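Engineer: Using only what follows, build the 3D model:
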Amino acid sequence: MGRVFATVAFIEALTWAGLLIGMYLKYQAADPTPVGVKIFGPIHGVAFMVYVVVAVLAAIRLRWPWWAALLALAAAVPPLVTLPLEWWFKRRGLLSRPVR
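Structural biologist: The predicted structure follows:
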């Protein structure tokens, strides 16, 4: 489950980056185009929902403390925060199977 969480966290951050680039192209570029938002908006929406589900399942299966589950859910809101959170969870051993 830890590997699944890490993969989904990476995908969520990647789609966030794509959406940010799309928003730049739509609102700030010299020749504005909405194509980036039209592509990455729905993709990021799905990635966000999958990340939330996987974070909840990982919290249950890996027996995370309440603060870790809350951090995992909160990390999906600001752009690109799921990556450093995943790295930190890995260093703390939260992505490994719990000892029974």
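
Engineer: Helices along the chain, start to end?
Structural biologist: Per DSSP state H, the chain has helices spanning 2-27, 35-61, 66-74, 82-92. These are given in chain order.

Engineer: Reformat those into a markdown table and put mean pLDDT and mean neighbour count next to each item.
Structural biologist: C-beta: built from backbone N, CA, C; applies to glycine. Shown next, in a markdown table, are those (pLDDT from 0 to 100; neighbours: other C-beta atoms under 10 Å):
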| stretch | mean pLDDT | mean neighbour count |
| --- | --- | --- |
| helix 2-27 | 96 | 18 |
| helix 35-61 | 96 | 16 |
| helix 66-74 | 97 | 15 |
| helix 82-92 | 96 | 17 |
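
Engineer: Could you find the closest non-adjacent residue to residue 38?
Structural biologist: Closest residue to residue 38 apart from its sequence neighbours, by C-beta to C-beta, 6 or more residues apart in numbering: residue 22 at 7.7 Å.

Engineer: mind checking how far that neighbour is from residue 16?
Structural biologist: 11 Å (C-beta to C-beta, to the nearest Å).

Engineer: can you check residue 56 too?
Structural biologist: Remark: distance between residue 56 and residue 16 (C-beta to C-beta) = 19 Å.
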